[in-house]
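Asks: sharing a sequence plus its predicted fold:
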Amino acid sequence: DAGVIQSPRHEVTEMGQEVTLRCKLISGHNSLFWYRQTMMRGLELLIYFNNNVPIDDSGMPEDRFSAKMPNASFSTLKIQPSEPRDSAVYFCASSHRSGKNTEAFFGQGTRLTVV
Amino acid sequence: AQTVTQSQPEMSVQEAETVTLSCTYDTSESDYYLFWYKQPPSRQMILVIRQEAYKQQNATENRFSVNFQKAAKSFSLKISDSQLGDAAMYFCAYRDAGKSTFGDGTTLTVKP
């Protein structure tokens, strides 16, 4: 298996533009997590899904952020409109929901820069 | 809500020496798992070691071991015979039935 795949690896966009980050889960995993990492705030959980259903979105900063799982193996995180303070590395991770002992497997992240 | 605290933003160790990274957590659950992840400059998050809360025996993985004190809610990571490749940011994480909660990380520098 290729692991969790995120695209793009890097994104530079102008303030006000829409940004869509993509994530492909590991086959057979049914939990999906979106994290944001910054120097100031560390690693923050934005939202997580079990079996395509959002379970906890309390970490989503504001209405400009939205996440979807159109199917069991794919997710998107959209920011509209983007702002400079959204600049960060965004990680997607997946795991088996059924096992607490299964670690989250992370993608390599998308570095977003909003100018 | 579960919280994970790493009180050491930065640590350094001499190559071949031993270093211990601290982690404490807060939870009302009795069944949970704890993890240490490593994030090198490549940004990839890599699992280092995991501990099951119901097991008293401390987990070990080669040069990496933990000191799990359930009553104190403490979960420290010991790296023995430190190598230059161990230089990275290390995250402590807690997981119960739902999401994983991560600490703020400790940046480890290994001096040759």
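Replies: Nice, I can see it. As the structure is a prediction and not an experimental result, all values here were calculated from the model. Residues are numbered from 1 along each chain as shown, chains lettered A, B, ... in the order given.

Asks: in space, not sequence, find me the middle residue of chain A.
Replies: In chain A, the residue lying closest to the centroid (Cα atoms, centre = their mean) is residue A:34, at 3.1 Å.

Asks: list the beta-bridge partners for residue 36.
Replies: Since no chain was named, I'll use chain A. residue A:44, residue A:90 (DSSP bridges).

Asks: meant chain B, my bad for not saying
Replies: What pairs with residue B:36, by the bridge criterion (DSSP bridges), is residue B:49, residue B:92.

Asks: ok, now which ones touch it?
Replies: B:21, B:23, B:47-50, B:64, B:66, B:75, B:77, B:90-93 (Cβ atoms under 8 Å, 6 or more residues apart in numbering or on different chains). Quick note: C-beta positions are derived from backbone N, CA and C, even for glycine.

Asks: try 6 Å this time
Replies: B:48, B:49, B:77, B:92 (Cβ atoms under 6 Å, 6 or more residues apart in numbering or on different chains).

Asks: which regions of chain B lie under the pLDDT threshold?
Replies: B:1, B:98 (pLDDT under 70).

Asks: go again using 90 as the cut-off
Replies: The model of chain B has pLDDT under 90 over residues B:1-2, B:28-32, B:41-44, B:52-56, B:95-101.

Asks: near chain A, which residues of it? Just list them.
Replies: For chain B, the residues found near chain A under the criterion Cβ under 6 Å from any Cβ of the partner chain are B:33, B:35, B:43, B:44, B:45, B:47, B:95, B:99, B:100, B:102, B:104, B:105.

Asks: from memory residue A:48 sits against residue A:33, does it?
Replies: Yes: counting by Cβ atoms under 6 Å, residue A:48 touches residue A:33, with 4.4 Å between them.

Asks: residues near residue B:7, how many?
Replies: 11 (other Cβ atoms under 10 Å in any protein chain shown).

Asks: go on, residue A:11?
Replies: 19.

Asks: and it, what are its bridge partners?
Replies: residue A:112.

Asks: phi, psi for residue A:13 please.
Replies: phi -140, psi 160 (degrees, to the nearest 10).

Asks: list the residues that contact residue 94.
Replies: This is for chain A. Per Cβ under 6 Å, 6+ apart, neighbours of residue A:94: A:4, A:25, A:26, A:29, A:32, A:105.

Asks: actually chain B
Replies: Counted by Cβ under 6 Å, 6+ apart, residue B:94 has contacts B:2, B:4, B:25, B:34, B:101.

Asks: in strands only, show me those residues.
Replies: B:4, B:25, B:34, B:101 (DSSP state E).

Asks: ok, so of the residues you listed, who is nearest chain A?
Replies: Nearest to chain A out of the ones in strands among the contacts of residue B:94 is residue B:101 (Cβ to the nearest Cβ; 7.2 Å).

Asks: can you count the residues close to residue A:54?
Replies: Other residues within reach of residue A:54, judged by other Cβ under 10 Å, total 14.

Asks: would you map the strands across the chain?
Replies: In the absence of a named chain, chain A is used. Under DSSP E, chain A gives strands at A:5-7, A:10-13, A:19-24, A:31-38, A:42-50, A:53-56, A:65-71, A:74-79, A:88-95, A:105-106, A:110-114.

Asks: not quite, go with chain B.
Replies: Using DSSP E, strands in chain B cover B:3-5, B:10-14, B:19-21, B:24-26, B:33-39, B:46-52, B:60-61, B:64-69, B:74-79, B:88-95, B:100-102, B:106-111.

Asks: many thanks, we can stop here.
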